[in-house]
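1. Need a 3D model of the following:
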Amino acid sequence: FTLGGGTGWLDRKFGLACDNLLSAEVVTADGRIVTASESENRELFWALHGGGGNFGVVTSLTLRLYPLSNVTAGLLFWSPEQGPEILRQFRDFLEAAPDEVGGGAIYVTGPEADFVPAPLVGKLAFILVVVFAGGEEEARRVLAPMLSLGHAGGMIAEMPYADFQSMLDDPPGYRNYWSAQYLSSLPDVAVEVFCARAADMIVPSASQHVLFPGGGKAARETADWPVPWRSAPWVAHPFGLWTDPADDVRGRDWARNIVADLKPWATEHVYLNFIGDEGADRVVSGFGGEHYKRLVQVKREYDPRNVFHLNHNIPPG
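-> This is a model prediction of the structure:
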């Protein structure tokens with residue numbers, strides 16, 4: 001997670017995981033144990049901020065920590081037909097929202113839960129996930145524009161961050177196909193394109209048709225790590241999870257079509273932790289061309305025989 005850049009619910013408040021990496025202990029391909037930090041093996045330290053597992057086995061990380069008690073989190077449900085209008089409202093709200101606000105717009109199969117309207121259980125539903133790095137009273141004030149949009153059901157509560165982090169975990173045992181498209185903007189027509197593809201998602205399933213916002217501290221960070229996707233204001237993330245092998249083609253096509261449909265608004269970069277094997281060009285786009293050349297040099301120094309290759313690989317050439 002961290003070595004790939006590390007994006008999560010609180011990027012806007014605390015930055016990416018790799019932004020908070022202070023040092024790492026690494027076992028190299030030839031068996032050496034080295035420390036990578038600002039003062040030791042600096043090129044390796046730079047490469048570990050997004051370059052993944054290409055350079056060695058990282059056996060410990062030292063990370064900058066922040067004080068955080070509880071967060072306030074909510075899941076707000078609407079019918080799928082209401083998705084485009086609610087997403088436009090969410091987009092406009094985030095333009096002026098404080099860094100403490102995170103979340104996402106997601107089409108899901110409505111789960112069986114007390115706070116889910118009965119007509120949406122087992123059916124396609126549109127939800128807003130909202131999270132606020134703070135207490136419930138302040139969260140309700142800041143999130144009031146979203147809470148006043150007439151959601152059909154949902155919940156909002158203050159809880160430990162770890163509890164919220166696990167609420168939407170992908171369950172084990174499913175067939176998976178993921179992809180992503182980072183967007184330079186989200187005009188109304190892109191909202192319509194994104195929402196229209198929800199109809200192709202396998203339902204019922206554990207799949208999620210996701211649009212995550214960027215911005216905040218993660219976007220303002222000036223360190224030149226090999227994570228060029230950080231400045232994108234939005235990312236579409238088709239997160240396919242299904243059980244029947246007969247659905248494999250349908251599940252893959254759904255994800256690939258979302259990426260293709262949103263290409264008119266796409267950046268040239270992608271977060272590699274969000275995708276599988278989509279070819280060497282996509283690996284380069286995950287780092288940026290100039291960063292990739294520098295990463296190749298680090299690879300040649302620490303893993304010239306490409307021992308660590310079962311990843312988004314950077315061949316030493």
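2. Quick one: name whatever helix or strand follows the helix or strand of the chain with the lowest mean pLDDT.
-> Among the helical and strand segments of the chain, the one scoring lowest on mean pLDDT, DSSP states H and E is helix 161-165, with a mean of 92. As assigned by DSSP states H and E, the chain's next helix or strand after helix 161-165 is strand 175-178.
3. Within its sheet, name the partner strands of that next one and how each one runs.
-> strand 234-242 (antiparallel) (DSSP bridges).
4. Which helix or strand lies directly C-terminal to the strand it pairs with?
-> Later in the chain than strand 234-242, the nearest helix or strand by DSSP H and E is helix 248-261.
5. In terms of secondary structure, what does that next one contact?
-> Helices and strands touching helix 248-261, as assessed by 3 or more Cβ pairs under 8 Å, 6 or more residues apart in numbering; DSSP states H and E, comprise strand 175-178, helix 188-196, strand 234-242. Bear in mind the C-beta positions are built from the backbone N, C-alpha and C, glycine included.
6. related to what we said a few turns ago, could you dump the least confident helix or strand of the chain to PDB, C-alpha only?
-> The C-alpha trace of helix 161-165 is given here as PDB (Å, rounded to 0.1, in the frame of the first residue of the first chain):
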ATOM      1  CA  TYR A 161     -11.300   5.300  12.200                       C
ATOM      2  CA  ALA A 162     -10.300   1.600  12.000                       C
ATOM      3  CA  ASP A 163     -14.000   0.700  12.200                       C
ATOM      4  CA  PHE A 164     -14.900   3.000   9.300                       C
ATOM      5  CA  GLN A 165     -11.900   1.800   7.300                       C
END
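7. Straight-line length of stretch 174-192, end to end?
-> 29 Å (Cα to Cα, to the nearest Å).
8. my guess is Trp116 is in a strand, correct?
-> Not quite, residue 116 is Val, not Trp. No. With DSSP: H, G, I helix; E, B strand; the rest coil as the criterion, Val116 is located in coil rather than a strand.
9. separation between it and Trp9?
-> The gap separating Val116 from Trp9 is 21 Å, by Cβ to Cβ, to the nearest Å.
10. Kindly report the same for Gly153.
-> Distance of Gly153 to Trp9, computed by Cβ to Cβ: 21 Å.
11. cool, Gly15 as well?
-> In terms of Cβ to Cβ, Gly15 sits 13 Å off from Trp9.
12. Pass me the low-pLDDT residue ranges in the protein, would you?
-> By pLDDT under 70, the chain has no low-scoring segment.
13. mind listing the helices in this protein by residue range?
-> Ranges of helices within the chain are 11-14, 42-47, 83-94, 136-142, 144-147, 161-165, 188-196, 216-220, 248-261, 280-287, 289-302, based on DSSP state H.
14. Would you format those as CSV with distance to Gly56 and mean neighbour count included?
-> Formatted as CSV, these follow (distance: least, Cβ to Cβ, whole Å; neighbours: other Cβ atoms under 10 Å):
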stretch, distance to Gly56, mean neighbour count
helix 11-14, 26, 23
helix 42-47, 8, 19
helix 83-94, 38, 19
helix 136-142, 41, 15
helix 144-147, 44, 16
helix 161-165, 28, 15
helix 188-196, 39, 17
helix 216-220, 26, 18
helix 248-261, 31, 17
helix 280-287, 17, 19
helix 289-302, 6, 17
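15. Quick check: which of the ones you listed is nearest to Tyr182?
-> Closest approach to Tyr182 among these (Cβ to Cβ): helix 280-287, 9.3 Å.
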